[in-house]
Structure formats: C-alpha cells, structure tokens
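Colleague: What would the 3D arrangement of this be:
(2 chains)
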Amino acid sequence: MRDAFARTFYDVAKADPRIFMVVADISPASKMTNFKEEFPTRFVDVGVAEQTLIGLSAGLALRGYKPFAYTIANFTIYRPFEQVRNDLCYQNLPVTVVGVGGGLSYASLGGTHHTMEDVSVMSALPNMSILAPCDPLEVDESVKIAAAYNGPMYLRLGKAGEPNLTAEAPEPFAFGKLRMIRPGSDICILSYGPIMKLAFEVASVLQRDNSLSSAIFSVSTLKPLDRERIESLLRAFKTIVIIEEHVERGGLGAQVKQIAWDMGAACKLYTFHLRDEFLHVYGTQDDLRRAHGLSADCILRAVAGR
Amino acid sequence: MRRRILEISQRLSALHIAPAFSCLEIVDIIYFGLMRRRPNGDTRDTFLLSKGHGAMAQYAVLEQLGILRSEDLDACCQLGGRLGGHPDYGLPGIEASTGSLGHALPMALGITLANAQSRFDSMTYVVMSDGELMEGSTWESVLLAPSIGARNIVVFIDLNDFISRGQTSVHHPNIYPVEQKFHAFGWDATSVDGHDQEALLRAAEAKDLGRPLAIIAKTVKGKGVSYMENEPIWHFRSPNPEEFKRALAELEDE
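Modeller: Presented below is the predicted three-dimensional model:
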C-alpha cells in the first residue's frame, strides 16, 4: 500500500502544483524520492514534531495549498489530536492526514505502534472524512479522491505487501459509497482495510464447505458512511458479517448495528473486531489478529457453526 | 481602545480584559505600523493572535480599521453575535481560529512556506503569550522555523509574567531567560518594553532578514487600570459598575 500510495501521489502531485507532502521523519517509499527531487519546495520534513506536522499543514491549506501530512498512523492523529481537531476540522481545511500502518500493521513493534481506535476517534470529529482502502488498487483511487477533496480527510493505510483484491470488483470505487467487490447471495460481508483478505478467505471456505455464497463489500469510506446502501443490505440479506481491525466501540460494526436498530432490521448480524484491550502479543499481524479472535476459524465457527 | 473594551465588558459577566490590555500596544502597532496595505485596504501581511484570549485587543483594532462593525463588538459573546471570546477563522480580519494555546506558530510556518512557494512577498506576525512558552508545540516550531528557512516571521511574546493562576517567575521560573532560548534555537531575538510602540516598531524594523525574529515584549497584565494590573483575578472577569467607573476615570486621567 505504501508503494501504491507513493506512486499515485507522485502522479497527482505532479499534475497539481498545489499539492504538498509534509512528513514527520519518515519517507513514504522510494517512489517519493522522485517527488522530493523534482519538487523539493513541495516536500517538507518537519522532523519528529507531529503537532507541527499538522499545524504547518493547516497553514499551507490556509493559503490555498493541499498538503498531505504523512507519518505512522497513530502519530498522525493521537499525538497531535488537538491540531487535527482545531486546526483542520474546526477550520475545515483541505488537508489529508495519511496514517501508514493503520490497525495492527506494525504488529511486533508493540502496543505503542498499534492504531486500534482511529476510525472511532476520527469519526467523532465534525467535518472529518475517513477513507480506508482495502488493497493497493483502492489506495490509488483513494489518493486521487483525497487530492481533489476540499476538506479534512484521514486516509488509513496498511503498510506493505497487501495483495490486490479488487481487480475484478463488479462495482467501481466511489467516495462515500459501499462497493461490492465480490458478488454473492447468501451472506453479506462488510470490511475495510487490509484485513479484507480475511473476508475473502472466509467467503471461499463458506462456498467450499457450506455451499454458501458470500457477497463482499468494501466500506472504504467510513465517514460519511453510506447509510442508504447499508440499509438496503440489511433488508436484502439474512446474514451480515462485519470484519474490522479496529475496536468495537465506534467502529463499523457498532455503526451498522445502530443503523440496524433504527430501521428495525431482522437479519442476523455478526461483528468481529479487536477487543477492548491493548495487545501484548508479538508475532505477525495475523498472529495478533488471531489473539483477538480475528481469524477465519473464529469467524466460521460463529457464522457456520463449524 | 481600552475604554471600548471596558464598555463591552459591561454587557458580560466575564471577559478577558487584562490579557487584552497587556498586548494592546503590540497588536495596534502591528496593524497600524507594520502590516502593509494595498489601496483597497487589504493587507499583504498576516496577523495571527496566538493568545486567542487577547481577542478583544484584535477586535478593537479591527473595529477601528472598519473591518469589523461596531454592532459586532457590541454583540460579542452574546446570542446572535458573531464574535466569540476567541478569534474564529472566516470572520472579517481573522486569519485563523485560536484559543487553545500553542497553535498559531505551527500554522504561521505553513503560511510562510506557502508564501515562499507562491513567491508572494508577505510577513507573518504572531502574538504569543508567555504562557504559550510552556506548550510543546511552540518549541517544536521554534526549533523547526530556522531549519526550513522560515524568515518572514516575527513573533511578539507578550511577556506579562502571568499565567491565569499566578506569577510565572514565581511558579515557573525556568521560563526565563526567554531571549537566550530563542537565540539558542537559531532565531534573531530582542527584548523591549511592550507598551512602548516606538521601541516595538524599531525592534521589528531592525529584523535580521535571514532569520525569524522573536520580540520579547515586556508588558503589564491589565495595563492602564491600576487595580487590574498584575492581579490574576482580572484574567477573566468583568468589572462591576463601580469598578467600571473607576477604570474609566483612570484612563481619562492618563
């Protein structure tokens, strides 16, 4: 995802002289070097200073520029939370806050580097929009949307090596819309971000072992949430499964449950998410997910009674 | 302008009067002595009131300039009014929302980078309280400014030696020395009497063109009304009718 981001960023920033890259002591992949060399005045490294990362970006936006403020996800929004709230959201400025390594991407670096609550925290801020693409192809689309967007946006990225899952998606990527990326008729799976690959794994086992056909939707825009489409899915499917690498409170599952309650939905709703606990587990990202019940086994046990 | 601010205070039970009186000469000289105006009245320079709680000083100046209407100031902090206790971005003459301390200098850095990118000859003036020297974001930006070549910034530190709960030199003495700290961070820095407008002007005009400048302006919190001066209670209180009369009488005598 990092490479896809850097590649598309280079393209959009080359075409739009208003775009700046502001980083806090991190280099967003080698492709960014090209941008830095070609457009040195539009690449700013503030050093290890995240409050200034956001405040300085706000200043650029106040004068008509469109900065992308980029660093590790938790450092983009937690350390400078008040700058995100006051400088970006309160003033409603076009700054894209790019959080690389959202969720548990920095698995073995420990809890200080996990970003488990970002969707909830950012969703609470008026004017903020949230994009969480599920694969490098959706990253490309997200960067184009962010570059054209006229307000604060949080772009939640994974890290590196995520597979492309949406090459054959039946629906196009669109800001503010759910997107069907795999057709199906029995079960509906909603997910976002790199954990989407788990949704595909679950869907293929359900097909193979239970002859259940699963539709998968990418909820790449988490705010504004596509309430209308969610309502129609809650009406159309008997079983909805939500998988997210995020805590329950304020996450997609909780928001869909709220919609389901408001409309009196009759379907079964399974939500899988991180627990309300910090992780003290080391290993791969999948190991950490599993420690909080985010594995195909766990999901299949609940959904198909395996 | 002090009279005008006192007058407004009579419509409200609480108003940041003393913090505005402390920086009034500074704000005034920035607008009337330093900021360059185009024929249509627009400025080519930027002013950010980092100590947003000094808003009344800025509002009073903007009223004199005809940028804010008298009705706006009369309705300040009241239902139906559009001016609040801190400056809000989007209102006439207000370049950024402040109020939470330590936010304006990072934004000022972005503004100067933007101006450089646009090849726009523009200065950015920031008025900061001494209390803001306790904010981490301030020192992040002070450290960064010379490194990114942010030359066209002048920061006025309204050094009244008070934060809302008491005297800085007593409770937080390591704020001092201030000027040397800025020097150590690569800035040009100088200290002046913050109520002496000629001295403020001279200090700003003598700016080293290659570096950002901090003007440490020594001020008196509540300046101009004897019972308010250096009394923490006036950080956020409106005078009663009797006190109001006394304050006006003192300003008349002056």
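Colleague: rest of the way, CA atoms for contacts and neighbours
Modeller: OK.
Colleague: Give me the phi and psi angles of the closest residue to A:S108 other than its chain neighbours.
Modeller: Leaving aside its chain neighbours, A:S108 sits nearest to A:Y282 (4.9 Å; criterion: CA to CA, 6 or more residues apart in numbering or on different chains). Main-chain dihedrals, A:Y282, degrees, to the nearest 10: phi -120, psi 150.
Colleague: Can you give me every residue that contacts the residue most central in space within chain B?
Modeller: By CA atoms, centre = their mean, chain B has its centre lying nearest to B:V127, at 3.7 Å. Shown in contact with B:V127 (CA atoms under 8 Å, 6 or more residues apart in numbering or on different chains): B:26-27, B:48-51, B:155-158.
Colleague: Narrow the residues you listed to those in helices?
Modeller: B:26-27 (DSSP state H).
Colleague: Check the burial of B:A214 by counting its neighbours.
Modeller: 26 (other CA atoms under 10 Å in any protein chain shown).
Colleague: quick check, it in a helix?
Modeller: No - applying DSSP: H, G, I helix; E, B strand; the rest coil, one finds B:A214 to be strand, outside a helix.
Colleague: pLDDT wise, what is residue 130 at?
Modeller: Assuming you mean chain A. What the model reports as pLDDT for A:I130 is 98.
Colleague: You answered for a different chain; I wanted chain B.
Modeller: Reported pLDDT for B:D130: 95.
Colleague: The residue nearest to A:S108 contacts A:A291, correct?
Modeller: No - using CA atoms under 8 Å, A:Y282 is not in contact with A:A291; the gap is 9.9 Å.
Colleague: the helices in the stretch 201-306 of chain A, which residues?
Modeller: Applying DSSP state H, counting those that start in this stretch to the stretch 201-306 of chain A gives helices spanning A:227-236, A:252-263, A:285-291, A:296-304.
Colleague: got it, and the stretch 1-150 of chain B?
Modeller: B:2-9, B:17-29, B:55-64, B:70-74, B:104-117, B:136-147.
Colleague: Reformat those as a markdown table; add distance to chain A, mean neighbour count and mean pLDDT.
Modeller: What follows is the helices of the stretch 1-150 of chain B, written out as a markdown table (distance: least, CA to the nearest CA, whole Å; neighbours: other CA atoms under 10 Å in any protein chain shown; pLDDT from 0 to 100):
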| stretch | distance to chain A | mean neighbour count | mean pLDDT |
| --- | --- | --- | --- |
| helix B:2-9 | 27 | 18 | 93 |
| helix B:17-29 | 21 | 26 | 95 |
| helix B:55-64 | 17 | 24 | 96 |
| helix B:70-74 | 21 | 16 | 95 |
| helix B:104-117 | 4 | 26 | 98 |
| helix B:136-147 | 6 | 21 | 98 |
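Colleague: Quick check: which of those helices is nearest to B:E198?
Modeller: Shortest distance between B:E198 and these, using CA to CA, is found for helix B:17-29: 8.6 Å.
Colleague: Quick one: list the elements packing against the closest one.
Modeller: For helix B:17-29, the packing partners by 3 or more CA pairs under 8 Å, 6 or more residues apart in numbering or on different chains; DSSP states H and E come out as helix B:2-9, helix B:55-64, strand B:153-159, helix B:197-205.
Colleague: Return a PyMOL selection command for the buried portion of the contacts of B:V127.
Modeller: Buried residues within these, by 16 or more other CA atoms under 10 Å in any protein chain shown, are selected in PyMOL with:
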select buried, chain B and resi 26+27+48+49+50+51+155+156+157+158
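Colleague: Out of the contacts of B:V127, which comes closest to A:L252?
Modeller: Nearest to A:L252 among those, with distances taken as CA to CA, is B:S50, at 37.6 Å.
Colleague: returning to that earlier point: and the helices of the stretch 201-306 of chain A as CSV, adding distance to A:D25?
Modeller: Output for the helices of the stretch 201-306 of chain A, formatted as CSV (distance: least, CA to CA, whole Å):
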stretch, distance to A:D25
helix A:227-236, 38
helix A:252-263, 31
helix A:285-291, 24
helix A:296-304, 37
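Colleague: could I get these as CSV with mean pLDDT, distance to chain B and mean neighbour count?
Modeller: Below are the helices of the stretch 201-306 of chain A laid out as CSV (pLDDT from 0 to 100; distance: least, CA to the nearest CA, whole Å; neighbours: other CA atoms under 10 Å in any protein chain shown):
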stretch, mean pLDDT, distance to chain B, mean neighbour count
helix A:227-236, 98, 31, 16
helix A:252-263, 98, 31, 17
helix A:285-291, 95, 33, 18
helix A:296-304, 95, 44, 15
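Colleague: Quick one: closest of those helices to A:F9.
Modeller: Of the helices of the stretch 201-306 of chain A, nearest to A:F9 by CA to CA is helix A:285-291, at 26.2 Å.
Colleague: Around chain A, pick out the residues from chain B.
Modeller: Chain B has residues B:89, B:96-97, B:103-111, B:113-115, B:117, B:137, B:140-141, B:144 near chain A, with proximity defined as CA under 8 Å from any CA of the partner chain.
Colleague: Which parts of chain A belong to which domain?
Modeller: A:2-156, A:179-304 (automatic domain parsing).
Colleague: Indicate which one of the ones you listed is closest to B:I233.
Modeller: Checking the domains of chain A against B:I233 by CA to CA gives domain A:2-156 as the closest, at 27.7 Å.
Colleague: Please list all residues in contact with B:N152.
Modeller: By CA under 8 Å, 6+ apart, the neighbours of B:N152 are B:112, B:122-124, B:209, B:211-212.
Colleague: ranking those residues by neighbours, who comes first?
Modeller: Going by other CA under 10 Å, B:T112 tops the contacts of B:N152 with 28 neighbours.
Colleague: which bits of the stretch 1-150 of chain A sit near chain B?
Modeller: Counting by CA under 8 Å from any CA, the residues of the stretch 1-150 of chain A lying close to chain B are A:41-42, A:46, A:49, A:51-65, A:83, A:86-87, A:90-91.
Colleague: how many other residues sit next to the residue nearest to A:S108?
Modeller: If you count neighbours by other CA under 10 Å, A:Y282 ends up with 14.
Colleague: Please name the residues that touch it.
Modeller: Residues near A:Y282 by CA under 8 Å, 6+ apart: A:107-110, A:288.
Colleague: farthest-separated two in these?
Modeller: For the contacts of A:Y282, and using CA to CA, no pair is farther apart than A:L109 and A:L288, which are 11.4 Å apart.
Colleague: what about the strands in chain A?
Modeller: Using DSSP state E, the strands of chain A run over residues A:19-23, A:43-45, A:66-72, A:96-100, A:129-131, A:153-156, A:179-182, A:187-191, A:214-218, A:221-223, A:239-247, A:268-274.
Colleague: which residues are contacting the fifth one?
Modeller: Applying CA under 8 Å, 6+ apart, the set of residues contacting strand A:129-131 from outside is A:119, A:122-123, A:142, A:151-156, A:220-224.
Colleague: Repeat the analysis, applying 10 Å as the threshold.
Modeller: Outside strand A:129-131, the residues that touch it by CA atoms under 10 Å, 6 or more residues apart in numbering or on different chains are A:89, A:96-98, A:118-119, A:122-123, A:138-139, A:142-143, A:145-146, A:149, A:151-157, A:175-176, A:192-193, A:219-225.
Colleague: Many thanks, I have nothing further to ask.
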